[in-house]
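> this is the structure alone, sequence omitted:
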């Protein structure tokens, strides 16, 4: 159906009474029941999210994906109305092309509407297209990047190795990384992780965090052990960063 994670987080915040110390980000446009970035859908989806989250505002509200069938002006006016109503603090864009993102930013400036302050895209040690496709646009406009799949669907944790079969729902998604370049990156991560006495995941995320425009990489965890692997912040030297950047 969609929105289950919002319900879980909403119940947790209510039980913990910690809303004031939590930054909530959620998205609109991709649910089968709430597709697109029309005014009607954005306003309805926001109210749905607020209800599930049991809060009166969303800190960062993403357009989950572009909607070429809805005029950019309409989308931005809808977001602007939510900001002015206090239901949303800031807005962001996910999976936009550089051209469409720039068009949106230009229209926001021209019409005096709420403007995207951040972007969320596929970016990690092995997926580097963002660097040439989108980063220049973010730098030009002063936006931050919050990349998803920061661990390449788990490949950069070291879970996958040559000749090792892994039973996982994500196994098929990492097949493209199981090649000479992927194994070389893991080898470099092994060396650096050993030096810092930390996990490969922590090193991979620290590399990502050190890249221009990146504010906070996204990585998922299924249990406490995985949370402990991704939480450490590793201060990588310029040489270590360079050795991973190829």
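Thanks, I have the structure now. Everything quoted here is computed from the prediction, not taken from an experiment.

> and the closest residue to residue 6 other than its chain neighbours, what pLDDT?
Excluding the flanking residues, the one nearest residue 6 by C-beta to C-beta, 6 or more residues apart in numbering is residue 52, at 3.9 Å. C-beta coordinates here come from the backbone N, C-alpha and C atoms, glycine included. Predicted confidence (pLDDT) for residue 52: 98.

> buried residues in the helix or strand hosting residue 52?
Using DSSP states H and E, residue 52 sits within helix 39-53. For helix 39-53, the buried set under the neighbour-count rule, 16 or more other C-beta atoms under 10 Å, comprises 41-43, 45-46, 48-50, 52-53.

> export these as a markdown table, with columns for distance to residue 163.
Listed next are the buried residues of helix 39-53 as a markdown table, based on distance: C-beta to C-beta, whole Å:
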| residue | distance to residue 163 |
| --- | --- |
| 41 | 48 |
| 42 | 49 |
| 43 | 53 |
| 45 | 46 |
| 46 | 49 |
| 48 | 47 |
| 49 | 45 |
| 50 | 49 |
| 52 | 44 |
| 53 | 45 |
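
> what is the nearest of those residues to residue 78?
Checking those against residue 78 by C-beta to C-beta gives residue 42 as the nearest, at 4.1 Å.

> contacts for the helix or strand bottoming out on mean pLDDT in the chain next, please.
Here the helix or strand of the chain ranked lowest by mean pLDDT, DSSP states H and E is strand 30-31, holding a mean of 90. Here strand 30-31 makes contact (C-beta atoms under 8 Å, 6 or more residues apart in numbering) with 2-3, 45, 64-65.

> what pairs with it, parallel or antiparallel?
strand 34-35 (antiparallel) (DSSP bridges).

> quick check: the gap between residue 243 and residue 176.
Distance of residue 243 to residue 176, given as C-beta to C-beta, to the nearest Å: 22 Å.

> what's the closest non-adjacent residue to residue 82?
Residue 82 sits nearest to residue 88 (C-beta to C-beta, 6+ apart), 4.1 Å away.

> contact partners for that neighbour?
Contacts of residue 88 by C-beta under 8 Å, 6+ apart are 46, 57-58, 61, 79, 82, 114.

> roughly how far is the longest helix along the chain from the heart of the chain?
For the chain, the longest helix by residue count, based on DSSP state H, is helix 180-196. Put simply, helix 180-196 sits 24 Å off its chain's centre (C-alpha atoms, centre = their mean, to the nearest Å).

> packing partners for that helix?
helix 200-209, helix 238-244 (3 or more C-beta pairs under 8 Å, 6 or more residues apart in numbering; DSSP states H and E).

> out of these, which comes closest to residue 194?
Of all the helices and strands packed on helix 180-196, helix 200-209 comes closest under C-beta to C-beta, at 9.7 Å.

> I'd like the next helix or strand past that closest one.
Next in line after helix 200-209, if elements are assigned by DSSP H and E, sits helix 224-230.
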